[in-house]
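Participant: quick one: sequence and predicted model below, then my questions.
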Amino acid sequence: MMSQAHLPQVLALFLFVVGMLIVLLRRNTIVLLMGIELMLNAANLSLVAFARASGQLDGQVMVFFVITIAAAESAVGLSILVNLYRNFGSINTDQAKTLQG
Amino acid sequence: MEAQYSLIPLFILLLPMVGFLLNGIVLPLALKGFGRTSVGAAACASTIPLATAFVLGLVAFNQLEYSNLLIEPYQWLAIGELKINFSLKMDRLSGLLTLIITGIGTLIHLFSASYLATEKGIGRYYTYLSLFCFSMLLLVLGNELPLLFFGWEGVGLCSYLLIGFWYTDTEKANAGKKAFITNRVGDLGFLVGAFLIYKMVGSFNFDVMTAAFADWSSTGNFDVFLVTATCLALFVGATGKSAQIPLYIWLPDAMSGPTPVSALIHAATMVTAGVYMIARLNGLFELAPTALTVIAYVGAFTALFAGTIAIAQKDIKKVLAYSTVSQLGFMFMATGVGAYQTAVFHLMTHAFFKALLFLGSGSVIHACHHEQDMTKMGGLKKYLPHTHFTMLIGSLAISGIPFFSGFFSKDEILYSSIALPGGQVFVFIMGVLTAALTALYTGRMMSMTFYGNERLDHHTKEHLHESPGLMLFPLYTLAALAAIGGLFGVPHLLGDFLGHLPHLLSQWLSPVIPIRELPLVAVKLPLHEGVVMAGSSIIAILCFTLGIVLFKNKQTMTQRSASFAPIEKILANKYYIDEMYQLLILNPLAKSAKVCAEVIDRLGIDGAVNGVGSGARRMSQQLKVLQNGDVQTAALWMIAGTALAVVGIIVLTLI
C-alpha cells in the first residue's frame, strides 16, 4: 500500500531512469547533458521529498549544493562540447571514439 | 718478551710499496705510457727499496735480541665490538722471514734484471714483483689475523699476475687462473678457521691469541672439537697456499711464469706461508693432536707422492716444482709431529737451496735459448762452469749430503718424526723414502743437464753462453748460503762433538716456539740419533750417485729396462691426477653449470620474467575490446558496476 509520501519517490525514480536511458541511448551530446541534468534533478526531488517527510532541513540544504554544482558541471560540460565540435566536427558521441584499446 | 715501539717494521713494509708505486705509476706517467720503462730504471726502482728494506731488517734483527718491535699507526677497522689495529710486529720468527724475503728477494730482483733484459713488459714485471714483496711482508709482519690474510690474498694475486706474465700465451694465462682458483678453495678453509678463532678467542690479535692458547693449555679449559676443527680448517688454507695434497696441482703449472718468479714466489717465500702460519699459531695446533697427526700424514704423503712424480719429469722446472711440493711436504711433516722450529729451519734452508736451483735452472734455460726439456740438454758442464758449480752445491744441499744445509734440516725433521711424542713411525718411513727419492731425482736432474753426451741442437749450441755476472752474483751468494746455512741448526750430537755448537735457530725462535729437546734415542723407534743421521747420509750419497750414474746418457728409466715403461708412463703423467680432477670435479661442475644455464636460467628464470610480460600482453589483447572508446558504453559499464555494488550491499546487509 503506497502512502502519499511515496509518490514523489516514484516520480523521482521515473525521472532518474528516463535520464539514465537518455544518457545511455542518445548520441547527441547536448541531449546527453540534459539527461544528466534530469538525473540530478531526480535525485534532488527525492531529497526534497524526504526532507519534507522527515521535517528536517538537511535534505533541502543538500539540494541547494547539488543545484549549484550542477550549474558548474553544465558549464564544464558545454565547454568540453565546444571543443568536441572543434576537434571532430560533430557533437555526436559515436564520432568521438578515438580513446579505445 | 717486551714489545718496543719502533718505526722499522713500517718502513720495511712500505719500502717495496715505494718500488711498486714508482714502477706502477710514476715511471709510466713520466715516460708517457706503460711498457716504455727501460730495464735499468725498472730494476733500480724496485731493487733499491727492497735492498734498503733488507738493510733495515738486519738493523732490526739486532734489536730483536732484546725486544720485539711493534707499531700500531692507526685503527684499521672497527665493527661493533671488533676493533682491528693496523698492527705490525716484528718478533724473532717474522724477523727471520723478513730477512729471507727481502734478502732472497733482492738477489732475485738482480737476477731478473739480466734474465728478462730483453723483455718488453719489464716495468710491469717489477711492479708485480714489488707488490708481491709488500704483500709477503705484510703477511709475516701483520700482528692481526686479518692483516695476515690481506697479505695472504695479496701474494696470491701477485702469483696469479706473475704466472700469467706472458698473458698472450693462453696456456700460461690458464696456469695463472688455475693457481688463483685452486687457492680460493684453500682460502675458504682459512677464513673458516679465522672466524672460528675469533669465536673462541674474541680477538684477531696474535698477542691476545697466544696468551689465550697458553691459558687453555695450562687450564685445559677449551673445546677440543672446536680447536681441532679450527686447526683443520686453517690447514686446508695452508694446503692451498703451500701446495699440499689435494690442492697441490697449481704449483707445477705455475712454472710457466718467468723462472725468477718461480724461485722467489713458488719456492722461497709465498708457498711457505702455510708453514709460517702454522708456526705462528703453534700454541693452537699443540692443543689439537688429531689435527697434527692429519697434518703429519698429509705432509709425509705429499712429500713421497711429489717425489715419485719428480723422478719422471723431463722439464727441468717441473722437476724442481715437484721437488718443491715434496719439500713443503717435509715442512708440514715437521709441524705435524710438533717440530715447528725444525719446519722453520727447513723453510729457511729450502729457501736458500731451492731459490738457488731455480735460478740455476733459469741460467741454464737462458743459455739454451729457452729450452726447458732436459732430454735436449746434456753435457752443459763444459759450457756453463759457474752455473754447474753453484747448482751442484744446491743439489748437494737438497739431497741431504752431509754438512750442506739440507742435511741438517732434513735430518732434524726425520729424527723429530720418531723422537718427539707426536711422532709416527709410518711418517718417518715415508720421510726416509722421500729423502732417498729427493737425492735420486736431483742426481738425475744434474746428470741429464750437465753430464753425459750433448744432445743440444746445432742452433742452440751456437748461442750457448755462460750467464752474465748479474746472474752469477745471486747464484754464488745463494750457493754460499745453501752450503753453510745449516750451521744455524747444528744438532746436539754433532754440536757436542764439534765443541758445543748450539742449535742457534731453535734458541733464537724460543720466545715464539718453545724449544723441545730431542732425546738421544728416539721414542717411537729404538734408534739412536747418530744411527738415523748416518743412515740418512748414506742413503743420500748413494741415491745421489745412483741418480747421476743411472741417468747419464739414458734419460728415462725405460731406456734402462723396458719393464719400467708402465710405471714411468704413470709417473710422467703425474698419476693422471689432473685428468682425475677434470673428470671428477671440473666436468660435473661444467655440466651442472650448463644445466643451470640452459634449463634453470633459460626456462625457469627467463621464463618467469618473460612470462609476466607476455601474460600481461595476452590478457590485455583479450580485454581491450571492452574499451571501445564510446562514452556511452563506458557509462553503461559504470552503471552496471554501481548497480552490482548496490545489489551486493543489499544482499550482504540482508544476510
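Facilitator: Ah, there it is. Numbering: from 1, shown residues only, chains lettered A, B, ... in the order given.

Participant: of all the residues in chain A, which ones are close to chain B?
Facilitator: By C-beta under 8 Å from any C-beta of the partner chain, the residues of chain A that approach chain B are A:20, A:23-25, A:32, A:93-94, A:96-101. For glycine as for every other residue, the C-beta is placed from the backbone atoms N, C-alpha and C.

Participant: tell me which of the residues you listed is nearest to B:His369?
Facilitator: Using C-beta to C-beta, A:Gly101 is the member of the residues of chain A next to chain B that lies nearest B:His369, at 78.4 Å.

Participant: show me what the strand or helix carrying B:Thr335 is packed against.
Facilitator: Using DSSP states H and E, B:Thr335 sits in helix B:316-336. Counting contacts by 3 or more C-beta pairs under 8 Å, 6 or more residues apart in numbering or on different chains; DSSP states H and E, helix B:316-336 packs against helix B:250-253, helix B:259-263, helix B:273-280, helix B:289-310, helix B:340-367, helix B:405-419, helix B:425-450.

Participant: most neighbours, which of the residues of chain A next to chain B?
Facilitator: When neighbours are counted by other C-beta atoms under 10 Å in any protein chain shown, A:Leu32 leads the residues of chain A next to chain B with 24 neighbours.

Participant: how about the nearest residue to residue 48, chain neighbours excluded?
Facilitator: Reading this off chain A. A:Val63 (5.6 Å; C-beta to C-beta, 6 or more residues apart in numbering or on different chains).

Participant: you answered for a different chain; I wanted chain B.
Facilitator: Going by C-beta to C-beta, 6+ apart, B:Ile48 has B:Gly19 as its nearest residue, at 7.7 Å.

Participant: so that neighbour sits against B:Cys44, correct?
Facilitator: No. In this structure, B:Gly19 is not within contact of B:Cys44 by C-beta atoms under 8 Å, at 9.3 Å.

Participant: circling back: how many neighbours does the residue nearest to A:Val48 have?
Facilitator: Neighbours of A:Val63 using other C-beta under 10 Å come to 19.

Participant: so where's chain A uncertain?
Facilitator: Along chain A, segments meeting pLDDT under 70 span A:1-2, A:101.

Participant: quick one, longest helix in it?
Facilitator: Longest helix of chain A, by residue count under DSSP state H: helix A:58-88.

Participant: how far off centre is that one?
Facilitator: With C-alpha atoms, centre = their mean, to the nearest Å as the basis, helix A:58-88 stands 9 Å off its chain's centre.

Participant: so which bits of it are buried?
Facilitator: For helix A:58-88, burial by neighbour count (16 or more other C-beta atoms under 10 Å in any protein chain shown) applies to A:59, A:62-63, A:66, A:70, A:74, A:77, A:81, A:84.

Participant: grab the nearest non-local neighbour of the closest residue to chain A within the stretch 251-400 of chain B.
Facilitator: Going by C-beta to the nearest C-beta, chain A is nearest to B:Asp253 of the stretch 251-400 of chain B, at 64.2 Å. Nearest non-adjacent residue to B:Asp253, counting by C-beta to C-beta, 6+ apart: B:Ala175, 4.1 Å away.

Participant: so that neighbour is in which element?
Facilitator: Under the criterion of DSSP H and E, B:Ala175 resides in helix B:170-201.

Participant: before we move on, what about B:Thr102?
Facilitator: Going by DSSP H and E, B:Thr102 is in helix B:92-115.

Participant: give the next helix or strand downstream of that helix.
Facilitator: Next helix or strand after helix B:92-115 toward the C-terminus (DSSP H and E): helix B:122-141.

Participant: re the thing from before, which of the residues in the helix holding B:Thr102 are buried?
Facilitator: By neighbour count on 16+ other C-beta under 10 Å, the buried set for helix B:92-115 is B:92-115.

Participant: what of stretch A:37-56?
Facilitator: For stretch A:37-56, using 16+ other C-beta under 10 Å, the buried residues are A:37-51.

Participant: neighbouring contacts of it?
Facilitator: A:5, A:8-9, A:11-16, A:18-20, A:22-23, A:57-60, A:62-63, A:66-67, A:70, A:74 (C-beta atoms under 8 Å, 6 or more residues apart in numbering or on different chains).

Participant: do that again at 10 Å, thanks
Facilitator: A:3-9, A:11-23, A:57-64, A:66-67, A:69-71, A:73-74, A:77 (C-beta atoms under 10 Å, 6 or more residues apart in numbering or on different chains).

Participant: same question for stretch A:58-77.
Facilitator: In contact with stretch A:58-77 (C-beta under 10 Å, 6+ apart) are residues A:29-30, A:32-34, A:36-37, A:39-41, A:43-53, A:81.

Participant: let's see 6 Å
Facilitator: For stretch A:58-77, the surrounding residues in contact (C-beta atoms under 6 Å, 6 or more residues apart in numbering or on different chains) are A:33, A:40, A:44, A:47-48, A:50-51.

Participant: any idea which of those is closest to B:Ile567?
Facilitator: Closest to B:Ile567 out of these is A:Leu33 (105.4 Å), distances taken as C-beta to C-beta.
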